[in-house]
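Engineer: no FASTA, just this:
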């Protein structure tokens, strides 16, 4: 995936103005940056919920701005799974029904096939026996895992995670990161994780894109960024109070 010269207005920020950000295939990429700098907007561009004012967003060679409505829906269905920040589960449905939802509405599989896939996906996230529960019976970490199972339901090439660690205590955050890493090792694909938490990035990040004020500050393997000479990158990764990043 590549963002080339994208600059979509977002509040007072601009996203990747005049720069190119690449998401390497088959790896876990972490998009990091301070709050409000445009991380989640990147995900919205990837799935075509927002379109760039200029420049291009390419997904596996396709310029999504050139797709018609049906082509955009097909791309989302065939290529993407998304774990939303709060899980975004349907409260009126059971866990199993939530995971089955994309299969029912996007495939012609039989009920038996759907049930088998749902059980397999829930087993992958450690919730094989939770299918009959409703979202209000789950902890925050369990809701995230159900959302992860649903994101995997259609076996997408690309899985997007919008701040999956938000609202979780440190232990459950570590366990979720471990789950993401383990599932990726088993299934492959390209994972893109949006977060501002350095511990999460260190646990799972194989490639890091760091953005600030809507621009790409630097990208590369974690060890490369740790040696960066960019003052903002050094400050953000070390968590120091002194540097170009302030409270504003």
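Structural biologist: Okay, I see it. These numbers come from a predicted model, not from an experiment.

Engineer: quick check, residue 189 in contact with residue 160.
Structural biologist: No. Counting by CB atoms under 8 Å, residue 189 sits too far from residue 160 to count as a contact (11.0 Å). Where you see a C-beta, it was placed from the backbone N, CA and C, and this is true even at glycine.

Engineer: what stretches of the protein score poorly on pLDDT?
Structural biologist: Filtered on pLDDT under 70, the chain yields the residue ranges 1-19, 87, 243-248.

Engineer: who has more neighbours, residue 189 and residue 160?
Structural biologist: Neighbour tally, residue 189 and residue 160, criterion other CB atoms under 10 Å: the higher count belongs to residue 160, 24 against 18.

Engineer: hmm, the more buried one is touching residue 79, no?
Structural biologist: No. If you go by CB under 8 Å, residue 160 and residue 79 don't touch, sitting 10.3 Å apart.

Engineer: across the sheet, point out what pairs with the residue nearest to residue 217 when sequence neighbours are not counted.
Structural biologist: Nearest non-adjacent residue to residue 217, counting by CB to CB, 6 or more residues apart in numbering: residue 210, 4.8 Å away. Beta-bridge partners recorded for residue 210 (DSSP bridges): residue 32, residue 218.

Engineer: which residues sit in contact with residue 210?
Structural biologist: Taking CB atoms under 8 Å, 6 or more residues apart in numbering as the criterion, residue 210 is in contact with 32, 33, 216, 217, 218, 219, 225, 232, 233, 236, 237.

Engineer: distance check, the second one against residue 137.
Structural biologist: Relative to residue 137, residue 33 is positioned 35 Å away (CB to CB, to the nearest Å).

Engineer: buried set for stretch 73-91?
Structural biologist: In terms of neighbour count (16 or more other CB atoms under 10 Å), stretch 73-91 has its buried residues at 75, 76, 79, 80, 81, 82, 83, 84, 85, 87, 89.

Engineer: for stretch 193-206, same thing?
Structural biologist: In stretch 193-206, counting by 16+ other CB under 10 Å, buried: 193, 194, 195, 196, 197, 198, 200, 201, 203, 204, 205.
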